[in-house]
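Participant: From the sequence below, what's the structure:
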Amino acid sequence: QVQLVESGGGLVQAGGSLRLSCAASGRGFSSSRMGWFRQGPGKEREFVAAISGSGGSTYYADSVKGRFTVSRDNAKNMLYLQMNSLKPEDTANYYCAADTVSVGWHPDRPNDYDYWGQGTQVTVSS
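Facilitator: Next comes the predicted model:
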């Protein structure tokens, strides 16, 4: 069982930065593949970024590549998303997710993740 709690969301002007955090509790964080997803108003949930258990492999949606950076600290059971050069279209509720069981991992597929946080709202004003 893994519990995930996101924080760090807020209101920021276009071009600004935010750092999201996801605190994980329970067993197996360091072996879990972790992802960030977001869901804007009237939109489906979409993949943002993901990171392997060791942190050695990262994956990004094309829309955030070069602007967002995903990282993790396994000693602290923490996942992060550094978001720079924010745009109004980045406005969404951001969720962290953990994949603890998949044999073959598809980082961008929500169904591969078995634990989800409650989300943190990010609003980017123009």
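
Participant: which residue ranges form the strands in this structure?
Facilitator: Per DSSP state E, the chain carries strands over the ranges 2-7, 10-13, 18-26, 33-39, 46-51, 58-60, 68-73, 78-83, 92-99, 115-116, 120-125.

Participant: can I get those in CSV with mean pLDDT, distance to R109 and mean neighbour count?
Facilitator: From N, CA and C alone the C-beta is placed, and that goes for glycine too. Below are the strands of the chain laid out as CSV (pLDDT from 0 to 100; distance: least, C-beta to C-beta, whole Å; neighbours: other C-beta atoms under 10 Å):
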stretch, mean pLDDT, distance to R109, mean neighbour count
strand 2-7, 96, 18, 17
strand 10-13, 98, 28, 13
strand 18-26, 96, 19, 18
strand 33-39, 98, 9, 24
strand 46-51, 98, 8, 22
strand 58-60, 98, 11, 18
strand 68-73, 98, 16, 18
strand 78-83, 98, 18, 22
strand 92-99, 97, 9, 23
strand 115-116, 96, 13, 18
strand 120-125, 98, 22, 17
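
Participant: Can you lay out those as a markdown table showing distance to P107?
Facilitator: Formatted as a markdown table, these follow (distance: least, C-beta to C-beta, whole Å):
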| stretch | distance to P107 |
| --- | --- |
| strand 2-7 | 16 |
| strand 10-13 | 26 |
| strand 18-26 | 15 |
| strand 33-39 | 6 |
| strand 46-51 | 4 |
| strand 58-60 | 4 |
| strand 68-73 | 10 |
| strand 78-83 | 13 |
| strand 92-99 | 8 |
| strand 115-116 | 15 |
| strand 120-125 | 20 |
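
Participant: OK, contacts around the residue nearest the centre of the chain?
Facilitator: Residue closest to the mean C-alpha point of the chain, counted by C-alpha atoms, centre = their mean, is W36 at 2.0 Å. Counting by C-beta atoms under 8 Å, 6 or more residues apart in numbering, W36 makes contact with 20, 22, 48-50, 70, 79, 81, 94-97.

Participant: With adjacent residues omitted, what lies nearest to it?
Facilitator: Counting by C-beta to C-beta, 6 or more residues apart in numbering, V48 is the residue found nearest to W36 once chain neighbours are left out, at 4.2 Å.
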